[in-house]
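Asker: This is a predicted model, with the sequence first.
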Amino acid sequence: MPKVKIPRKSTMIDMTAMTDVAFLLLTFFMLTTQFKTDESVIVDTPSSISEIKLPDTDIMNITITKDGKVFFSIDNNNFTREKLLARISEKHPELQFNDAEKKAFVISGSIGVPLNQLKGYLDLDEVDRKAFQQPGIPVDSTNNELADWIMQGRLSNPGVRITINGDQSCPWPVVKKVMNTLQDKNVNKFNLITDLETDPNKLKGI
Amino acid sequence: MAELEQKEVGKKGNKKGRKKMSIRVDLTPMVDLGFLLVTFFMLTTTFSKPQTMEINLPVKPKERLKEEEQNALKASKAFNIIIGANNKLYWYVGLSNEPIEGPAETDFSVDGIRKVLQNKNNNIKEMVVLIKPTNDANYKNVVDILDEMNISDIKRYALVDITPEDLKLIMNK
């Protein structure tokens, strides 16, 4: 009986197609990517059927956390943050910042410290700053620093849009205080950041 | 893998007395690298931009005037929603000292406030909804109610501060 010859198959698989796919995906993600901003606070937003998208730039964001702390952030388009810090020191002459602090302010995300602690906060190195538990910006009627931030922020970038990014379970009185502050500063139009929820009217249509 | 292939080819080549080089390149490391980068970009990307809900508040100095307007507003057209603690909702039609209808308790479900709202919106012409969150309400409740306005397509609504009379009304409930 002749020996049955088993053809030896090469274990090599052609990887070209796979490379194609991998790099196609890679290109897609590289082009569409928008890096997550480094947020010091995590907020679980409520949902709504509103489908208005938030623009990327010219945004002033007021974050309200679960426990009612208020944070402020603004994007750095056209060096808004640098201008903002300069304005803050102009308004509060006791607060002067050196170059390192200015740089730290530009790269730090949300600010949630009272003005008198701002310098100390910016002096921390990056890792410590992230770990630092920010107490939130005071919004009481006697000491409303948020009003200052909003005012100076709008002066630094007149075309800025104001958004409120509130946590689902944050108490209403805090949000009301923030809204009242905004109204005091003549901001009567702002956006609430929400998650998307299906519109029940549209569901009926299907 | 590539080396193995090359050796085989080499052996054959030796037999024939000629060395044939393989033109195949092992692409596995390249795929590895590709997928590594894909994973990185997938994890760092924020894919969808956050949605926003636009809200307009009355101009502050005119707010006093607005309150007078509210009083001038026909009581029969005022639909009040009070947002209480623990996701409870109360509604009544009219003024808080003499409600025309209600107060009644309801909830955020589809058969709750949405039904009431749509029903009233059909029956009351030019209805104005006054949203009154109590201090025990949370942000989600308020956004949900604002959202109900969008869902039921109610154009006239206002966020109003709660009054002691309103609180008394729901206390009795």
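Answerer: Received it, and whenever you're ready, just let me know what you need.
Asker: Please make it C-alpha for all contacts and neighbour counts, starting now.
Answerer: Noted.
Asker: so where's chain B shaky on pLDDT?
Answerer: B:1-19, B:46-50, B:58-75, B:96-97, B:172-173 (pLDDT under 70).
Asker: all strands for it, in order.
Answerer: Ranges of strands within chain B are B:51-56, B:78-83, B:89-94, B:99-106, B:128-133, B:157-159, based on DSSP state E.
Asker: Report the mean confidence score over the lengthiest strand in chain A.
Answerer: Secondary structure of chain A per DSSP E: the longest strand is strand A:189-196. For strand A:189-196, mean pLDDT rounds to 81.
Asker: quick check: angle from it to strand B:51-56?
Answerer: 150 degrees (axes from the mean of the first three to the mean of the last three CA atoms, to 10 degrees).
Asker: just checking, what packs against strand A:189-196?
Answerer: strand A:47-48, strand A:161-166, strand B:51-56 (3 or more CA pairs under 8 Å, 6 or more residues apart in numbering or on different chains; DSSP states H and E).
Asker: partner strands of it, parallel or antiparallel?
Answerer: Strand A:189-196 has the following strand partners under DSSP bridges: strand A:47-48 (parallel), strand A:161-166 (parallel), strand B:51-56 (antiparallel).
Asker: can you list these in JSON lines and add distance to residue A:123 and mean neighbour count?
Answerer: Converted to JSON lines, those look like this (distance: least, CA to CA, whole Å; neighbours: other CA atoms under 10 Å in any protein chain shown):
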{"stretch": "strand A:47-48", "distance to residue A:123": "37", "mean neighbour count": "23"}
{"stretch": "strand A:161-166", "distance to residue A:123": "27", "mean neighbour count": "23"}
{"stretch": "strand B:51-56", "distance to residue A:123": "34", "mean neighbour count": "18"}
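Asker: what's the closest of the helices and strands packed on strand A:189-196 to residue A:57?
Answerer: strand A:161-166 (8.8 Å; CA to CA).
Asker: Does the longest helix seen in chain A reach chain B?
Answerer: Counting residues, the longest helix found in chain A (DSSP state H) is helix A:16-32. Yes - contact of helix A:16-32 with chain B (CA under 8 Å from any CA of the partner chain) involves A:16, A:18-19, A:22-23, A:25-26, A:29-30, A:32.
Asker: For residue A:108, grab phi and psi.
Answerer: Note on residue A:108: backbone dihedrals following degrees, to the nearest 10 are phi -80, psi 150.
Asker: picking that back up, of the strands paired with strand A:189-196, which is nearest residue A:90?
Answerer: Here strand A:161-166 is closest among the strands paired with strand A:189-196 (CA to CA), at 22.9 Å.
Asker: next SSE after the closest one?
Answerer: Remark: after strand A:161-166, the chain's next helix or strand is helix A:172-184, criterion DSSP states H and E.
Asker: and residue A:187, helix, strand or coil?
Answerer: Following DSSP: H, G, I helix; E, B strand; the rest coil, residue A:187 is assigned to coil.
Asker: Show which residues not belonging to the longest strand of chain A make contact with it.
Answerer: Residues from elsewhere that reach strand A:189-196, judged by CA atoms under 8 Å, 6 or more residues apart in numbering or on different chains: A:45-51, A:161-166, B:50-57.
Asker: Could you count how many residues lie near residue A:122?
Answerer: 19 (other CA atoms under 10 Å in any protein chain shown).
Asker: part of a helix, is it?
Answerer: Yes - assessed with three-state DSSP, residue A:122 lies in a helix.
Asker: what separates the closest residue to it other than its chain neighbours from chain B, distance-wise?
Answerer: Excluding the flanking residues, the one nearest residue A:122 by CA to CA, 6 or more residues apart in numbering or on different chains is residue A:101, at 5.4 Å. Using CA to the nearest CA, to the nearest Å, residue A:101 is found at 27 Å from chain B.
Asker: Just the pLDDT at residue A:101, thanks.
Answerer: 81.
Asker: For the helix or strand harbouring it, enumerate the helices and strands it packs against.
Answerer: Assessed by DSSP H and E, residue A:101 sits inside helix A:99-107. For helix A:99-107, the elements it packs on are helix A:80-91, helix A:115-123, judged by 3+ CA pairs under 8 Å, 6+ apart.
Asker: hmm, back to that, rebuild the strands paired with strand A:189-196 as a markdown table, extending it with distance to residue A:108.
Answerer: What follows is these, written out as a markdown table (distance: least, CA to CA, whole Å):
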| stretch | distance to residue A:108 |
| --- | --- |
| strand A:47-48 | 28 |
| strand A:161-166 | 18 |
| strand B:51-56 | 24 |
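Asker: before we move on, back to that, any idea which of the strands of chain B gets closest to residue B:119?
Answerer: Of the strands of chain B, nearest to residue B:119 by CA to CA is strand B:78-83, at 11.6 Å.
Asker: show me the contacts for the residue nearest to residue A:122.
Answerer: So residue A:101 contacts A:119, A:122-123 (CA under 8 Å, 6+ apart).
Asker: Could you pick out the buried ones from the residues of helix A:16-32 next to chain B?
Answerer: A:18-19, A:22-23, A:25-26, A:29-30 (16 or more other CA atoms under 10 Å in any protein chain shown).
Asker: Let's have these in JSON lines, adding pLDDT.
Answerer: Shown next, in JSON lines, are those (pLDDT from 0 to 100):
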{"residue": "A:18", "pLDDT": "85"}
{"residue": "A:19", "pLDDT": "85"}
{"residue": "A:22", "pLDDT": "87"}
{"residue": "A:23", "pLDDT": "89"}
{"residue": "A:25", "pLDDT": "88"}
{"residue": "A:26", "pLDDT": "88"}
{"residue": "A:29", "pLDDT": "84"}
{"residue": "A:30", "pLDDT": "83"}
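Asker: With adjacent residues omitted, what lies nearest to residue A:26?
Answerer: residue B:38 (4.8 Å).
Asker: Wait, the one you found touches residue A:31, no?
Answerer: No - here residue B:38 lies out of contact with residue A:31, judged by CA atoms under 8 Å, at a distance of 11.5 Å.
Asker: No further questions, thank you.
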